[in-house]
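Participant: Need a 3D model of the sequence below.
(chains A, B and C)
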Amino acid sequence: MSEQEEDHLVLPVSHPSPGAMGPTGYWRNFKPVIDQEKCIKCLLCWLFCPEGTIIRHEDNSVSVDYDYCKGCGVCANECPVNAIKMVPEGEEQ
Amino acid sequence: MLVELVFHGRGGQGAVTAARLLVGAVHREGLEGQAFPHFGAERRGAPVRAYARISDRPIRIHEEVRRPDIVVVLDPDLPKLVDVTRGLKNNGVIVINSKTPVLFNGYRAYFVDATGIALELGLIVAGWPVVNTSMLGALAKATGLVSIESVMREIKEYWPGRIGEANARAAELAYSRVKKVE
Amino acid sequence: MTVKLLTGNYTVAEAARLARVKVVAAFPITPQTTIVEKIAEMIEHGEMDAEMIHVESEHSALAAAYGAAAGGVRAFTATSSQGLLYMHEVVWWVAGSRIPLVMAIVTRAIGPPWNIHVSHEDIMDQRDTGWIISIAEDNQEVLDLTLQAFRISEDPRVYLPAMVGLDGFILSHTTMPVDVPSQEEVDSWLPPRSPGPYVIEPGSGVIMGNIPPDEDYMRMRKAMQTAMRNAERVIMEVEEEYYKLTGRRYGGLLECYRCSDAKYAVVLMGTWAGNAKEAADRLREKGYPVGVARIRYIRPFPSMLLREKLGGMKGVMVMDRSVSMGRGGPLFLEVAEALRSKPSMMSVIAGVGGVDVGVDDISSLVEKFIGKVEERGHVYIDEYWYGV
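Facilitator: Presented below is the predicted three-dimensional model:
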């Protein structure tokens, strides 16, 4: 394309990729901690996480991508067996 | 050459279709045409108007026909309700659907019993005698604007099959029966 | 080519069929309705291979056509008046997304009070949206503009949606002969739709319309303006190629009728331009050197052409079929800016809401205007309402 043609084609389009805004994990005040013994692998946390930061493993167990988790607590709220606790940042065991 | 026509009818009588068919018929004879309804909220039974323009050159005028050369009246009762000769040029032609002669002073008037022809041919749609195609036949004879052959061909192409045949026959009968009011 | 007797609306339907439109989504509104009725009939009879999406409003109609076009197919819709206002939010979305799409606008007055007749309020209201906006004088041009709109909108130098205007009733419901090219002829000239600037489809991972930095937003608006400038050239090229196919061309953004030796011109757009041409002929018989400059594209606006063709004239009268409340005739204002008001000028607002304006009306207005200019020298009449 010529330069002019590029000038006329600035598009309102983006391509999704992890962390386009940089690591957002530091926005967190509370972090979700999963008790793997209580977890029944229902995957509700994985479905409900608005940021896609619940990582689903092959055996359907789950863990949290703390680089991007913003600590909203939706996962803990949805967990039917209270396997996820929201712990103040820096106070986890 | 520019000939302007007004068709007076009642909503549902086919005044708009008559204008459209006339344009199709003259187009077969190499003339340009334009057909359009009077722009209003048309209601079945209420007085309506349609317009046509015919010319030997492409038509670029788009305005209501204000000074028609020819007026066609599809319903015998309409002159009681509307001024059908409004704007009609002096010595202009008026063709009316009527059993009996109707005199319009200052104009060349023609009459034909289009309702009678429709009843005779069983041309009745939704309880209404179809008069628009007869009136085109009468118009062809009264004015010489277009040949009856072109009118009939256009009608048959517009409604292929039996309906077109019957309507073309109606036009042909009206062509042979229309009379000048002396 | 075959000559068919068609109403303006049926002509639009023919053009959509010939363009091999694949998706049509529309909602009925007078006087547009018979366009989509005809298209539905063509699809039903197997004459057109397209999907008709039934929707519950004009907002959804354009949204559905937009979605289809973003998916990479040729899409079409049509509307009028209140319907166009109701879809106005999506009108901006389509243009901002740079999606090629064609929409017919059957011009009609906006209520209240209720009025179904020709007026240019609805189409003039779209000027800032980023759509290419054209408007036809007769049914033949409706066909020509609609077919060309697909080529222009899908051109990689443009990638903007296009509206084609035709006047309510006085074109939409008027039957006239139209020279219709064959499918083979159109196919030889209009290629299948290009993918466009991007395609939204399952698995493609594209986010459209996400919040960008403010500077990027502004850059996108500037890019659309650049695309509009490109469109000026593309419109000329497309018309030239169409001329080779059909033998018809009109002059691109602006049609000039008897302007070259004219000292006075009438500027207007749409169907009543035919009346103005007839008036110009009659005025010339009386010795008045009058021409007609017909705006064919409201966007991009033919500022340069107007300056070139009309800049040296003694007087220019602009006829508007709408009004920008609190300011005046919108077409007049744009023409006055283009001409830097060098000639004497007069703004006439007429025909709003379908008030009939004929040849005699226009010639008497021009005659009066010329009289004023000859009597006083330079005049500038910035608002004159005719007919009420």
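
Participant: where do the helices sit along chain B?
Facilitator: B:15-27, B:78-81, B:114-121, B:132-143, B:148-158, B:162-177 (DSSP state H).

Participant: now swap in the stretch 1-150 of chain C and tell me
Facilitator: Counting by DSSP state H, counting those that start in this stretch, one finds helices in the stretch 1-150 of chain C at the ranges C:8-18, C:33-44, C:58-70, C:81-86, C:88-96, C:121-124, C:139-154.

Participant: how big is the angle separating the helix or strand following the longest one from helix C:33-44?
Facilitator: Spelled out, it's helix C:139-154. Next helix or strand after helix C:139-154 toward the C-terminus (DSSP states H and E): strand C:162-167. Inter-element angle recorded for strand C:162-167 and helix C:33-44: 120 degrees (by axes from the mean of the first three to the mean of the last three Cα atoms, to 10 degrees).

Participant: Return the list of strands paired to strand C:162-167, each annotated with direction.
Facilitator: strand C:102-107 (parallel), strand C:132-135 (parallel) (DSSP bridges).

Participant: quick one on the thing from earlier: of the helices of the stretch 1-150 of chain C, which approaches C:Met163 most closely?
Facilitator: The closest of the helices of the stretch 1-150 of chain C to C:Met163 is helix C:121-124. By Cβ to Cβ, the value is 7.0 Å. For the C-beta atoms, the positions are set from N, CA and C on the backbone; glycine is no exception.

Participant: And the closest one, what does it pack against?
Facilitator: Contact partners of helix C:121-124 among helices and strands, from 3 or more Cβ pairs under 8 Å, 6 or more residues apart in numbering or on different chains; DSSP states H and E: helix C:81-86, strand C:102-107.

Participant: Recalculate using a threshold of 7 Å.
Facilitator: On a contact count with 3 or more Cβ pairs under 7 Å, 6 or more residues apart in numbering or on different chains; DSSP states H and E, helix C:121-124 meets strand C:102-107.

Participant: which residues are in contact with the strand it packs on?
Facilitator: Applying Cβ atoms under 7 Å, 6 or more residues apart in numbering or on different chains, the contact partners of strand C:102-107 are C:9, C:12, C:31-32, C:35, C:76-80, C:84, C:118-120, C:122-123, C:146, C:149-150, C:153, C:161-168, C:172, C:270.

Participant: Among those residues, name the buried ones.
Facilitator: The neighbour-count test (16 or more other Cβ atoms under 10 Å in any protein chain shown) marks C:9, C:12, C:31-32, C:35, C:76-80, C:84, C:118-120, C:122-123, C:146, C:149-150, C:153, C:161-168, C:172, C:270 as buried among the contacts of strand C:102-107.

Participant: Of the helices of chain B, which is nearest C:Leu5?
Facilitator: C:Leu5 lies closest, by Cβ to Cβ, to one member of the helices of chain B: helix B:15-27, at 5.5 Å.

Participant: If you compare the directions of that closest one and helix B:148-158, what angle comes out?
Facilitator: If you take the same axes, to 10 degrees, helix B:15-27 sits at 120 degrees to helix B:148-158.

Participant: helices or strands up against helix B:15-27?
Facilitator: Using 3+ Cβ pairs under 7 Å, 6+ apart: helix B:15-27 touches strand B:2-10, strand B:32-37, strand B:47-55, helix B:132-143, helix B:148-158, strand C:2-7, strand C:175-180.

Participant: which residues sit against the third one?
Facilitator: Translated: strand B:47-55. Contacts to strand B:47-55, defined as Cβ under 7 Å, 6+ apart, come from residues B:1-11, B:15-16, B:18-19, B:22-23, B:26, B:31-38, B:42, B:59, B:61, B:64-65, B:78, B:81-82, B:145.

Participant: could you dump it to PDB, C-alpha only?
Facilitator: In PDB, the C-alpha atoms belonging to strand B:47-55 read as follows (Å, rounded to 0.1, in the frame of the first residue of the first chain):
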ATOM      1  CA  PRO B  47     -61.500   9.500  -5.100                       C
ATOM      2  CA  VAL B  48     -57.900   9.000  -6.300                       C
ATOM      3  CA  ARG B  49     -55.800  10.300  -9.200                       C
ATOM      4  CA  ALA B  50     -53.000   9.000 -11.300                       C
ATOM      5  CA  TYR B  51     -51.000  10.700 -13.900                       C
ATOM      6  CA  ALA B  52     -49.200   9.900 -17.100                       C
ATOM      7  CA  ARG B  53     -46.800  11.800 -19.400                       C
ATOM      8  CA  ILE B  54     -46.000  10.700 -23.000                       C
ATOM      9  CA  SER B  55     -43.400  12.200 -25.200                       C
END
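
Participant: show me where pLDDT drops low in the chain?
Facilitator: Picked chain A for this. A:1-6, A:92-93 (pLDDT under 70).

Participant: Chain B, not that one
Facilitator: Flagging of chain B using pLDDT under 70 yields the residue ranges B:40-42.

Participant: Please list the residues of it that sit near chain C.
Facilitator: B:20, B:23-24, B:27, B:32, B:34-37, B:39, B:60-64, B:66 (Cβ under 7 Å from any Cβ of the partner chain).

Participant: Nearest to C:Ile110 among the residues you listed?
Facilitator: B:Phe39 (16.6 Å).

Participant: related to what we said a few turns ago, take the helices of the stretch 1-150 of chain C and write them to CSV, including mean pLDDT and distance to B:Ser176.
Facilitator: Below are the helices of the stretch 1-150 of chain C laid out as CSV (pLDDT from 0 to 100; distance: least, Cβ to Cβ, whole Å):
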stretch, mean pLDDT, distance to B:Ser176
helix C:8-18, 98, 34
helix C:33-44, 97, 36
helix C:58-70, 97, 52
helix C:81-86, 98, 48
helix C:88-96, 98, 58
helix C:121-124, 98, 50
helix C:139-154, 98, 36
